[in-house]
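> What would the 3D arrangement of this be:
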Amino acid sequence: MATTLSDIVESSEAERLATGFVFTEGPLWHPDGYLLFVDIRRSQIVKLVLGGEPELIRENSGESNGMTFDSQGRVVICEMVNRRVTRMESDGSFTVLADRWNNHRLNRPNDVVGKSDGSLYFTNPGRERLNPAEVDMAFNSVHRITPDGTVDLVIPNFDYPNGLAFSPDESILYVANTRPGQYIMAYDVHPDGTVSHGRHFADMSSENATNGVPDGMKVDREGRVYCTGPGGCWVFDPSGELIGTIRLPEYPANCAWGGPDHRTMFFTANTSIYSVRMKTPGTLIPRA
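Residues are numbered from 1 along each chain as shown. The predicted structure is shown next:
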């Protein structure tokens, strides 16, 4: 029997946890029991303890977007306007992990995910959104920061790479393309960190939903892929077959697993933060 959304989603409806923002993104569940997210348009990073009030923890963040943890549990941040990937240190300072590749300044780093070997992969879209005089790179791309700090090129010439995620065993890297076209690509991941055999995993174009594009992406422990997009969060089985779309009061831009049992999915959706209880746990961040 085919899997349906009712086999996956436990909540009868999404719960709104906080509101009053401009454009929320970059959700990241901290194991100490709170959610971090960004308000891109205000260039802010916000902390939310469930049941409490949002707490501003960083201003002037360079339009921070996607966030993850490194292998040591430190927060890693994509800063679009600052055109770099940084790490938040315990003293509140920020260390630049990547701002260039091959002596070329990055475009607008968007989202980032960690691998169990300690490396970090990030998407680097937005070349077309820069002043032509400020463009260093001839293409949009996906990169890897190795444990020794080297910035590698993993996927060149990607149309507009946005969200990205690994399969549970890290053998596949999924990358969402925002435009032109709306789809997810899948790549085989090799032991040396390179990828190959890029193929079309799923189509996310929609004539019926005008709000949202393929954006943030996460994977559950059964290998199902969750990608925010037109009209909600699209859920695919490991073969790329669409299971269904999780609908929310506002269209979501990103999602993150969290909660004590890792069965709560948090959504950053325009002005608000929502949560939905799921029946299957998500993959852990950072990966052990």
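> Distance across stretch 8-19, terminal residue to terminal residue?
Distance across stretch 8-19, first residue to last, is 26 Å (Cα to Cα, to the nearest Å).
> try stretch 19-29
This stretch, stretch 19-29, spans 18 Å end to end (Cα to Cα).
> swap in stretch 185-204?
Stretch 185-204: ends 11 Å apart by Cα to Cα.
> Go through it and flag the buried ones.
185-187, 189, 195, 201-202, 204 (16 or more other Cβ atoms under 10 Å). Just so you know, the C-beta spots here come from the backbone N, C-alpha and C atoms, and that holds for glycine as well.
> Out of those, which comes closest to W101?
V195 (15.8 Å; Cβ to Cβ).
> which residues touch that closest one?
154-155, 173, 187-189 (Cβ atoms under 8 Å, 6 or more residues apart in numbering).
> just the strands in the stretch 101-250 of the chain please.
104-105, 112-114, 120-124, 141-145, 151-155, 161-166, 172-177, 183-189, 195-203, 217-219, 225-229, 232-236, 242-246 (DSSP state E, counting those that start in this stretch).
> May I see those strands organised as TSV, with mean pLDDT added?
Below are the strands of the stretch 101-250 of the chain laid out as TSV (pLDDT from 0 to 100):
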stretch	mean pLDDT
strand 104-105	97
strand 112-114	97
strand 120-124	98
strand 141-145	98
strand 151-155	98
strand 161-166	97
strand 172-177	98
strand 183-189	98
strand 195-203	98
strand 217-219	98
strand 225-229	97
strand 232-236	97
strand 242-246	96
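> re the thing from before, tell me which two in the buried residues of stretch 185-204 are the farthest apart.
By the measure Cβ to Cβ, V189 and M204 form the most distant pair in the buried residues of stretch 185-204, at 21.9 Å.
> sorry, back to before: what about the strands of the stretch 101-250 of the chain, which gets the closest to R277?
Using Cβ to Cβ, those put strand 242-246 closest to R277, at 11.4 Å.
> The closest one: which residues count as buried?
Those would be 243-246, for strand 242-246 by 16+ other Cβ under 10 Å.
> try stretch 15-25
Buried residues in stretch 15-25 (16+ other Cβ under 10 Å): 16-18, 21, 24-25.
> repeat for stretch 37-46
Buried-residue list, stretch 37-46, by 16+ other Cβ under 10 Å: 37-40, 42-46.
> which among these gets closest to V81?
S43 (7.4 Å).
> Can you tell me the element the residue nearest to that closest one when sequence neighbours are not counted falls in?
Closest residue to S43 apart from its sequence neighbours, by Cβ to Cβ, 6 or more residues apart in numbering: S61 at 4.9 Å. Using DSSP states H and E, S61 maps to neither a helix nor a strand.
> Just name the closest of the buried residues of stretch 185-204 to S71, please.
S71 has its nearest neighbour among the buried residues of stretch 185-204 in V189, at 16.5 Å by Cβ to Cβ.
> Hmm, the closest one is touching L173, no?
Yes - counting by Cβ atoms under 8 Å, L173 is a contact partner of V189 at 5.2 Å.
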